[in-house]
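*Asks:* Turn this into a structure:
(chains A and B)
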Amino acid sequence: MALAKYFPHATKVDFVGARFFAFSFTALLFVAVVVSLSIKGLNLGIDFEGGLLIEAASKQKIDIADVRRKVGTLGLGEVQVQHVGGESGVMIRAKRAPGDESAQSKAIDDIKKALGPGYEFRRQEFVGPKVSQGLFRDGMIATGVALLLIAIYVWVRFEWQFGVAGLVATTHDVTMAIGVYSITGLEFDLTAIAALLTLAGYSINETIVIFDRLRENMRRYKKTDFKDLINISVNQNLFRTMMTGGATLIAVLPMLVFGGESLFAFTLAIVFGVMIGTYSAIYVSSSLLIYMPAIRKWRDDKDEKAAAAKAGV
Amino acid sequence: MINITRFQLWSALLACVFALLFAAPNVLPEKTAKSLPSYVPHQQFSLGLDLQGGAYLLLEAEMKSVEADALKTVRDALRKSLRDQRVRYEELRYVPRGVAFRAVDAAQIDAARTVSETVARDQDTSTGGVFGQRQRLYDVRVEGNAVTVRLTDAGLASLNQRVIEQAMEILRRRIDPEGTREVTIQRQGDTRVIVEVPGVSDTQEIRRRIGTTAKMTFHLPHPSILNPTETTQPPPGYTLMKGAASMGEQGWYLVQTEAELDGTHLTDAQQTFQDGMPIIQFRFDTTGARIFCRITQENLKKPFAIVLDNEVISAPVIQSAICGGSGIIQGRFTVESATRLALLLRAGALPAKFNVAEERTVGATLGADAIEAGIWASMLGVALVAFYMISAYGLFGVFAIVALTFNLIILAAIMSALGATLTLPGIAGIVLSLGMSVDANVLIYERMREEIRAGRTTLSAIDAGFRRAFTAIADSNITSIIAGLLLYLFGSGPVKGFGVTLAIGVGASFFTAIMLTRIQVVYWWRWRRPKQLPIVRNTAVAAGA
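*Replies:* Numbers count the residues shown, from 1 in each chain, chains lettered A, B, ... in the order given. Just a heads-up that it's a prediction; the model follows:
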C-alpha cells in the first residue's frame, strides 16, 4: 500500500535564520492583540461580568425587534437580544437587575412572562457580581499558575534557559488566543479559560518535543554550532510537529462544524491555538534560546540513561 | 524496549479487559445497567447538567445573621444564668463579636466568671467523628468588674461550618423530600452551597423552597394593645410584627419578643383540610407538647400568634387546652401554599438565610442536542484521525488506532469507576486527547523512520523508536496533566469536568502508546520477521533517503 505523504520529509529549512521574519511577524500580531484589547477589550460573558441570560427557542421565526420591545419595558437597563442557532432561537442578555439577588430571579421570570407562550426555554443563567468576580480571579490565577508550573517543570527536566523560552512561547500563544477572543468578539467565559489552559498544555507539548530532541543533539554533537543544532532539531521534528498538529486539527474540526453553538467558541479557540502553538514551537521557542546565556554542557548522559532505565521496566 | 516480559504482557491485557468491563455499562440502557448484579461493574458515568438538562444553583449564606443569632443566644443565656445564680449585673450589651456586662458587686466577680464560663462552655461544639474533640467557640475575659464573652476566630469558623452542614441537610429535605431525585448538594468555600437538580428546568419552585428560612415561633400577643398600627411604639419586651402578606394576613401585631415555643420542637407537619379549607396539622415532641399544654391552659380564650420568619401567619384564639401534642394552623392558605409550608416546617428551619448567587439552567432538549452533536462530532473526528493515521503509517497506523480505541475505552472505564461527570467541554476534551494520543504514536513512528534512514535494522529501529520517543512523550504528557489538574482545581461545573477528562485521557494515552502499541508492534515483528517496516515509503527507499 502506498503511504500518503502529508508533509515533506527530511527538510533543511533555516528556521533560526528566519527568526527575524518570525519575530517581526510575532511582534505585529502582538501589537494587533494589544490594540484590539485596548480598543475593543474582551466580550466578557456573564460568568465574568455578572448578569442574566436566557436562551429560548420557538417553532416559528423569532422577530428580534419584537422581543426587544417586549423586554425593553421591564426596566432592566441595557439588554442584548440576538438570534442563536438560527432564526427560531433567541438569546437575551441583561446586566444585573437593580436590587438584591431575588430581583435577579424575578427579572428572569419577568422576561419569560414578557415573551409570552410559544417559547421553549433552553437555558437560563444568572451570575451574581461576587461570584463573577471570583470566577474571573480564579480563571486568571489558574492560567497564571499553569504557565508557571509548566515552566518550572521544563526547568527541572531541562535547564532554566529552556524553562524561560518555554514560558515565553506559551505566554505568547495564550496572549494570541486571548487576542482571537478580542478581535472576533467571541464571548470570553469559563470555557474560554478552559481553552486557554488546554492550549497552554498543547503549546508546551510541541515545544518540549523539540527541546527534547535539541537536548539529545547537544549531547551527541558537542562541537556543532548551537544555531545549527537548533535548525537540525526543528527540522528533524518538523514532520512529526505537522503530523500531530494535523491530527489534532482534524479531530477537532468536526466539533467546530457540527458541535453546535455552545462549543463553537471553545473549539475555535482550540483550532487557532493549535495553529499558533505549532507556529511558536517551530519559530519562536527554540530561536529564543539563542538569546539566552550559553547552556552548560549536559552532565554526561545521566538523564537519558535514567530515562531509558525507567522505560525498560 | 523490544523485550516484553510475560508480566508486562499479561498486566496490559488484564488492564484492557478490566477497562472493557468497567466501560461496558455505559453502552447499556440505564435500566439494564442498574439491574446488573453488584459484583459486576454497573456504574455509568454521570452526565453533567449541561448534557442532561437541569438546574445548578449556587447559594450564599448570610453569615452576619448567624453571628447575631449566636450572640443573642449567649446574651439570653447569660441573663438567665446570672439571674438564677443571683449575680447582680448591669450594662449587659453586645460588643463587636461578643457580649459584655459588668458585675455590680466586685465581690461577685468570681461568680460572674463561673457563670460566663459555663454559658460559654454550653455553646461548644464537637468536631464530630470518633475522635471528635470539643471545640471552644467563646473566650471569656475578665477585666476589673467587666466580663466579655467573645466569639473566637476559630469559633466563628466552626460556627459557620456547623451552620452550612445543617443547612445542607435541611436543603436536601426541602428540595428532595421523597429522596427520589438525584439532587447533589455540596459545600463550596466557607459560606456557599452548590445545589444541582437534574431534569428541572424551572427553578421557581426550588427558589421558593430555599428562599425562606422557615423559622416558626409561637408568641403571646400584648394583653391590651390588640390592634396596633405601623407607628405603634412597642413597650419593652414586645415587638411589632407584620401580618404575612403571602399568607393573606394583613395588619400589625404586638407580640412578646421572647418566643414561648419554636419550630425545633415540631416532629411533623402535614397539609390537610378542615371545613373544606386547607390547614396545616402539626405534632410536637414531648418537650414541645408539655410547653404547648401549659401555654394553652394559662391563656384560654386569648389569641396566640404563630410567626414564620418574623411575620405573623395566623393568630387564632385558644379555644381549649391542647395537651395531646398536636395542633393545627388555620390561615388564608391555598392548598399549594399550605403544602409548601408544611414541607418547610417538616424539613426544619434553615440556620441562616440563603441567597441565590449564581443560577444556571439547561433545558433537557438543549442537553440532548448537545450530546447528539458531541457524539457525532467525536465519531467523525475519530474516523478522520483513523483514516489519517492509516494512510500515513499503514499497518502501524492500524496498531495506533487499536491503541487509540483502547485509550477511549480506558477513559470511559476510569470515568465510570470514579463516578466522574461528563460535560460538554469534557467531550471536547476527549476529542482533544485523541489528537494528543495520536501524537505519541507519531513521535514513535517518526523516530523509527529516522532510525531506518540512519541505516538501522528493523528490530533496532523499533527499539530505538520506542526508547528515544519515551522522554518526549513523558514530558509532554506531564505538562498536559498539569493543565488538566489546574482546570479541576480552579474551574467550576463543566470546566472541572473538562479538566478531569483531559487529565485522565492524557494519562490513558500514555499507557496505550507505550504499552499497547509496543506489544502490537513487537509481536507483529516476532511473527513476520520483516525486512522492512510498513511505515517506510517504497519511494523513499528507492530514492535512497
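*Asks:* drop to CA atoms for contacts and neighbour counts, all remaining ones
*Replies:* OK.
*Asks:* in the stretch 51-200 of chain B, what spans have low per-residue confidence?
*Replies:* For the stretch 51-200 of chain B, applying pLDDT under 70 flags the ranges B:125-134.
*Asks:* next one: phi and psi at the residue nearest in space to the middle of chain B?
*Replies:* Geometric centre of chain B, nearest residue: residue B:186, 1.6 Å, by C-alpha atoms, centre = their mean. The phi/psi pair for residue B:186 (degrees, to the nearest 10) reads phi -140, psi 160.
*Asks:* And it, how far from residue B:210?
*Replies:* Relative to residue B:210, residue B:186 is positioned 15 Å away (C-alpha to C-alpha, to the nearest Å).
*Asks:* What of residue B:529?
*Replies:* Where residue B:210 is concerned, residue B:529 sits at a distance of 71 Å (C-alpha to C-alpha).
*Asks:* Pull the number of nearby residues for the residue nearest to residue B:363 when sequence neighbours are not counted.
*Replies:* In space, and not counting its chain neighbours, residue B:363 is closest to residue A:122: 4.4 Å by C-alpha to C-alpha, 6 or more residues apart in numbering or on different chains. Counted by other C-alpha atoms under 10 Å in any protein chain shown, the residues lying close to residue A:122 total 21.
*Asks:* Then the one 3 residues further on?
*Replies:* By the other C-alpha under 10 Å criterion, the neighbourhood of residue A:125 contains 24 residues.
*Asks:* In terms of secondary structure, what does the helix or strand containing residue B:398 contact?
*Replies:* Using DSSP states H and E, residue B:398 maps to helix B:395-418. Where contact means 3 or more C-alpha pairs under 8 Å, 6 or more residues apart in numbering or on different chains; DSSP states H and E, helix B:395-418 is packed against helix B:6-23, helix B:364-393, helix B:424-453, helix B:494-511, helix B:517-528.
*Asks:* Swap in 6 Å and give it another go.
*Replies:* Using 3 or more C-alpha pairs under 6 Å, 6 or more residues apart in numbering or on different chains; DSSP states H and E, the elements in contact with helix B:395-418 are helix B:6-23, helix B:364-393, helix B:494-511.
*Asks:* tell me the most buried of those helices?
*Replies:* helix B:494-511 (a mean of 26; mean count of other C-alpha atoms under 10 Å in any protein chain shown).
*Asks:* And for residue A:129, nearest residue in space, chain neighbours not counted?
*Replies:* residue A:50 (5.0 Å).
*Asks:* Please go through the chain and pick out the longest helix.
*Replies:* Picking chain A for this. helix A:226-258 (DSSP state H).
*Asks:* wrong one, I was asking about chain B
*Replies:* The longest helix of chain B (DSSP H) is helix B:458-490.
*Asks:* Okay, buried residues for that helix please.
*Replies:* With burial defined by 16 or more other C-alpha atoms under 10 Å in any protein chain shown, the residues of helix B:458-490 counted as buried are B:458-459, B:461-488, B:490.
*Asks:* roughly how far is it from the heart of the chain?
*Replies:* Centroid separation for helix B:458-490 versus its chain: 35 Å, with C-alpha atoms, centre = their mean, to the nearest Å.
*Asks:* Between helix B:424-453 and that helix, find me the angle.
*Replies:* Note on geometry: by axes from the mean of the first three to the mean of the last three C-alpha atoms, to 10 degrees, helix B:458-490 and helix B:424-453 are set 160 degrees apart in direction.
*Asks:* if we can go back for a sec, mean confidence (pLDDT) on the helix or strand harbouring the residue nearest to residue B:363, please.
*Replies:* Assignment of secondary structure by DSSP H and E places residue A:122 within strand A:119-127. What strand A:119-127 shows for mean pLDDT is 85.
*Asks:* Can you tell me which helices and strands that strand packs against?
*Replies:* Using 3+ C-alpha pairs under 6 Å, 6+ apart: strand A:119-127 touches strand A:51-58, strand B:354-362.
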